[in-house]
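J.: just a sequence and a predicted model for now, questions to come.
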Amino acid sequence: MRPLEDKIAVVTGGTEGVGRGIAVELAARGARVFVTGRSIREGPHDDTKIFGIRCDHRDDREVVEAFEQVARESTAIDILVNNVWGGYEQMLENGVFTWGKPFWEQPIWRWDAMFAAGVRAHYFASQLAARSMVARESGLIVNISFWSAQKYIGNAAYGVSKAATDKMTADMAKEIRPYGVAVVSLYPGMVRTEKVMQASAWLDLSNSESPEFIGRAVSALAADADVMRHTGKVLVAAQLGIDYGFTDIDGKTPRPIRFAEV
């Protein structure tokens with residue numbers, strides 16, 4: 001089944017990991033997908049319906065140019081997935097692992113990166129995509145977020161940035177709801193990204209998810225004629241698998257992680 005035939009999607013930060021998986025699944029279900037990223041391969045991707053646009057989401061000019069290119073190549077944006085994120089760079093500084101440091105010892109660049117290449121980048125991309133969605137009174141915006149918005153994980157900057165993402169989702173949803181556009185936050189579980197698999201020997205992957213599984217969650221939402229019932233909410237990908245009846249690429253159904261287990 002190709003329920004997203006003729007739909008146009010934009011996935012930010014889709015070079016690898018979750019973003020790549022989302023783009024692959026949206027394309028597999030018929031959508032024409034534009035993927036942005038600093039190191040993305042530009043142009044059509046082989047025999048898929050994926051088109052790469054090189055873009056640094058910290059540079060407003062490049063972002064505007066990327067969305068202008070989408071407008072030239074297509075009709076209007078039906079689906080926007082805000083996946084691009086910053087702050088994961090340079091985990092080691094002078095031989096010291098800084099990710100788990102308390103806030104007074106954290107490098108300030110990490111806060112700036114999570115907001116500039118994360119929260120702000122999501123906000124600006126949503127602004128650009130929402131204009132055509134509002135005009136057509138239809139659309140879906142998915143902000144990739146995580147449990148650190150609700151519970152301490154890793155460091156304070158990470159929690160604050162993800163909490164800001166979820167609040168942005170709720171407030172955007174309220175403002176755009178009259179125009180028939182849904183906005184949701186989507187939480188993955190443990191995802192078998194390239195970087196996670198490099199450390200697989202030290203991780204419990206028994207309840208993990210492929211990057212494509214998150215794509216199936218986004219695809220299910222995009223194909224749901226009643227998606228507005230979800231707008232403004234935080235959704236868990238594994239729970240959507242149960243609710244919509246889709247499995248991971250290995251046929252398994254990941255178990256949703258609950259708040260107490262985080």
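T.: In hand now; what should we look at?
J.: from here on, contacts and neighbour counts on C-alpha atoms
T.: Will do.
J.: tell me how far Ala237 lies from Phe246.
T.: 10 Å (CA to CA, to the nearest Å).
J.: of the two, who's got more company?
T.: Regarding Ala237 and Phe246, a neighbour count based on other CA atoms under 10 Å identifies Ala237 as having more, with 24 against 17.
J.: hang on, that one packs against Val191?
T.: No - the criterion here is CA atoms under 8 Å, and Ala237 misses it with Val191 at 10.8 Å.
J.: tell me the buried residues in whatever helix or strand Glu175 lives in?
T.: With the criterion set as DSSP states H and E, the secondary-structure element containing Glu175 is helix 156-176. For helix 156-176, burial by neighbour count (16 or more other CA atoms under 10 Å) applies to 156-170, 172-173, 176.
J.: equivalent analysis for stretch 124-134, please.
T.: Within stretch 124-134, the residues that count as buried by 16+ other CA under 10 Å are Phe124, Ala125, Ser126, Ala129, Ala130, Ser132, Met133, Val134.
J.: tell me where the protein has helices.
T.: Under the criterion DSSP state H, the chain contains helices at 17-28, 60-73, 108-114, 120-136, 156-176, 194-198, 211-223, 237-244.
J.: can I get these in a markdown table with distance to Tyr187?
T.: Converted to a markdown table, these look like this (distance: least, CA to CA, whole Å):
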| stretch | distance to Tyr187 |
| --- | --- |
| helix 17-28 | 11 |
| helix 60-73 | 25 |
| helix 108-114 | 17 |
| helix 120-136 | 15 |
| helix 156-176 | 10 |
| helix 194-198 | 17 |
| helix 211-223 | 9 |
| helix 237-244 | 6 |
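J.: which one of those helices has the lowest average pLDDT?
T.: Of all the helices of the chain, the segment with the smallest mean pLDDT is helix 194-198, scoring a mean of 74.
J.: residues contacting the residue most central in space within the chain?
T.: For the chain, the residue sitting closest to the mean C-alpha position, by CA atoms, centre = their mean, is Asn83 at 2.9 Å. Taking CA atoms under 8 Å, 6 or more residues apart in numbering, we find Asn83 in contact with Val11, Thr12, Gly13, Gly14, Val18, Gly19, His122, Asn143, Ile144.
J.: so how far is Phe34 from the third one?
T.: Spelled out, that is Gly13. 11 Å.
J.: same thing with the fourth one?
T.: Distance of Gly14 to Phe34, computed by CA to CA: 9 Å.
J.: for Pro188, same thing?
T.: Taken as CA to CA, the span from Pro188 to Phe34 is 21 Å.
J.: likewise Pro102?
T.: Between Pro102 and Phe34 the computed distance is 38 Å (CA to CA).
J.: the more surrounded of the two?
T.: Set side by side, Pro102 and Phe34 give different neighbour counts by other CA under 10 Å, the larger being at Phe34 (29 against 12).
J.: specify the beta-bridge partners of that one.
T.: Phe34 has the following beta-bridge partners by DSSP bridges: Val10, Phe51.
J.: can you read off the pLDDT for it?
T.: Model confidence at Phe34, expressed as pLDDT, equals 97.
J.: same check on His57?
T.: The predicted local confidence for His57 is 97.
J.: next one: Ser200
T.: Per-residue pLDDT puts Ser200 at 67.
J.: OK, contacts around Gly215?
T.: Shown here is Gly215, whose contacts under the criterion CA under 8 Å, 6+ apart are Val18, Gly21, Ile22, Ala23, Val24, Glu25, Leu26.
J.: repeat the analysis, applying 7 Å as the threshold.
T.: The neighbours of Gly215, taking CA atoms under 7 Å, 6 or more residues apart in numbering as the test, are Gly21, Ile22, Ala23, Glu25, Leu26.
J.: how near is the nearest residue to the last one once chain neighbours are set aside to Ile79?
T.: Same thing as Leu26. On the basis of CA to CA, 6 or more residues apart in numbering, the spatially nearest residue to Leu26 that is not a chain neighbour turns out to be Ser219, at 5.8 Å. The spacing between Ser219 and Ile79, counted by CA to CA, is 9 Å.
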